[in-house]
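J.: Dropping the sequence and predicted coords here.
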Amino acid sequence: MRNFNHTSGEYLKIDESEIYCEIFGEAKNPVLLFLHGGLGNMEDFNDIISEFPDKFRILGIDSRGHGKSTLGMKELTYELLQNDIEIILKQLNINELTIIGFSNGGTVAYRLAALTNLKINKLITIGAPWCTQHIEHLMEAYSKLTSDVWRQQCPSDFESYNRLNPKPEFDALFKQSVRMALDIGTTGRPNEHVKNISCPSLIVRGENDPIVSLSDIVELSKLVKNACILNIPSAGHEAYKDQRGIFTNKLEEFLC
């Protein structure tokens, strides 16, 4: 059994950034890509990766500026993170895959499925905003967030970042992450473009998620041609961790 460990991977250079990725499993197996949330890293998925070590070739990518990936000079946007993934897949000669994305990673996954020509077999998102209008009520709170507050509220995330990143720039990363969350333009969330998603999609949220509402994912399921939803009881934003058993059972059924 293998998990992401931040020791067995490689760096791929994209402009001024070094993007860290890990891949394991038989080369003949279908690729399953994991995209983590904001200020997280690929290790956030380790609790569920053990469910599919033999079925898939597992790929994890630390988003630009996150984990072991360096920030570089370009401003973070969802479009930039999408472009990074496309470049990495091309460098790895991966043309077909399934994607699991949490939160920001899920938003990037929506963009990949809606706005690119990638062959995506199946799409799974967890607590992932897709429409700017749905989070307008959070914009003021986002704009007031500071890196000092984050350090106090999420010390383990900050410690993990400082331990992993070869060129730590947490304050800069945090400011850019906030600006990305506030982006209402074409470089932000995919909005109405989700109607272009045609692959089978599993849209997941926790019933107590303060960011993505049940009505958000119901609306999305009506726009995406082949979508089903999972509203996990007694779970928050990190529904795949809060109710691991419920999530992995449904995921295994969906991926069969």
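T.: Nice, thanks for sending it over. Numbering: from 1, shown residues only.
J.: in the protein, which spans are helices?
T.: Ranges of helices within the chain are 46-49, 78-91, 104-115, 139-144, 147-153, 155-164, 170-181, 214-223, 239-242, 244-255, based on DSSP state H.
J.: can you give me how far the longest one is from the chain middle?
T.: Centroid displacement of helix 78-91 relative to its chain, using Cα atoms, centre = their mean, to the nearest Å, is 13 Å.
J.: same question, the fifth one
T.: On the basis of Cα atoms, centre = their mean, helix 147-153 is displaced by 22 Å from the centre of the chain it belongs to.
J.: which parts of it are buried?
T.: 147, 150-151 (16 or more other Cβ atoms under 10 Å). Placement of C-beta: from N, CA and C, glycine included.
J.: Give me the distance between the residue nearest the centre of the chain and Asp62.
T.: Centroid-nearest residue in the chain: Gly105, 1.5 Å away (criterion: Cα atoms, centre = their mean). Note on Gly105: its distance to Asp62, by Cβ to Cβ, to the nearest Å, is 11 Å.
J.: Need the residues touching each of those two.
T.: His36 (Cβ atoms under 8 Å, 6 or more residues apart in numbering).
J.: rewinding a little: between the helices of the chain, which one is nearest to Leu230?
T.: Ranking the helices of the chain by distance to Leu230, with Cβ to Cβ as the measure, places helix 244-255 first at 5.4 Å.
J.: Can you give the contact residues for the closest one?
T.: Contacts of helix 244-255 (Cβ under 8 Å, 6+ apart): 47-48, 51-52, 55, 98, 100, 122, 124, 126, 200, 202, 204, 228, 230, 232-233, 235, 239-240.
J.: Please repeat the previous calculation with a cut-off of 7 Å.
T.: 47-48, 51, 122, 124, 202, 204, 230, 232, 239-240 (Cβ atoms under 7 Å, 6 or more residues apart in numbering).
J.: Flag every buried residue along it.
T.: 246-248, 250-251, 254-255.
J.: again with stretch 166-178
T.: 168, 170, 173-174, 176-178.
J.: okay, that stretch in CSV with CA atoms only?
T.: Extracted as CSV, the C-alpha positions of stretch 166-178 are listed here (Å, rounded to 0.1, in the frame of the first residue of the first chain):
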residue,chain,number,x,y,z
PRO,A,166,11.5,24.7,-0.6
LYS,A,167,10.8,28.5,-1.0
PRO,A,168,8.2,29.3,1.6
GLU,A,169,6.2,32.5,0.9
PHE,A,170,3.1,31.9,3.0
ASP,A,171,2.0,35.5,3.3
ALA,A,172,2.3,36.0,-0.5
LEU,A,173,0.5,32.6,-1.1
PHE,A,174,-2.3,33.6,1.3
LYS,A,175,-2.9,37.0,-0.2
GLN,A,176,-3.0,35.5,-3.7
SER,A,177,-5.3,32.7,-2.5
VAL,A,178,-7.7,35.3,-1.2
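J.: Could you tell me how many residues sit around the closest residue to Asn196 other than its chain neighbours?
T.: Distance criterion Cβ to Cβ, 6 or more residues apart in numbering; nearest residue to Asn196, sequence neighbours excluded, is Ala114 at 4.4 Å. Burial measure for Ala114: 22 neighbouring residues, criterion other Cβ atoms under 10 Å.
J.: And Tyr20, by the same measure?
T.: 25.
J.: For it, give me the pLDDT.
T.: In this model, Tyr20 is scored at 98, pLDDT.
J.: Surely it and Ser63 touch.
T.: No - look at Tyr20 against Ser63 with Cβ atoms under 7 Å: they stay out of range, at 9.6 Å.
J.: any shared contact partners between these two?
T.: Ser69.
J.: hmm, what's the outermost residue in the protein?
T.: For the chain, the residue at maximal distance from the C-alpha centroid (Cα atoms, centre = their mean) is Lys28, at 24.5 Å.
J.: Would you mind listing the residues in contact with that one?
T.: Per Cβ under 7 Å, 6+ apart, neighbours of Lys28: none.
J.: Would you check how far apart it and Arg57 are?
T.: For Lys28, the distance to Arg57 - Cβ to Cβ - is 8 Å.
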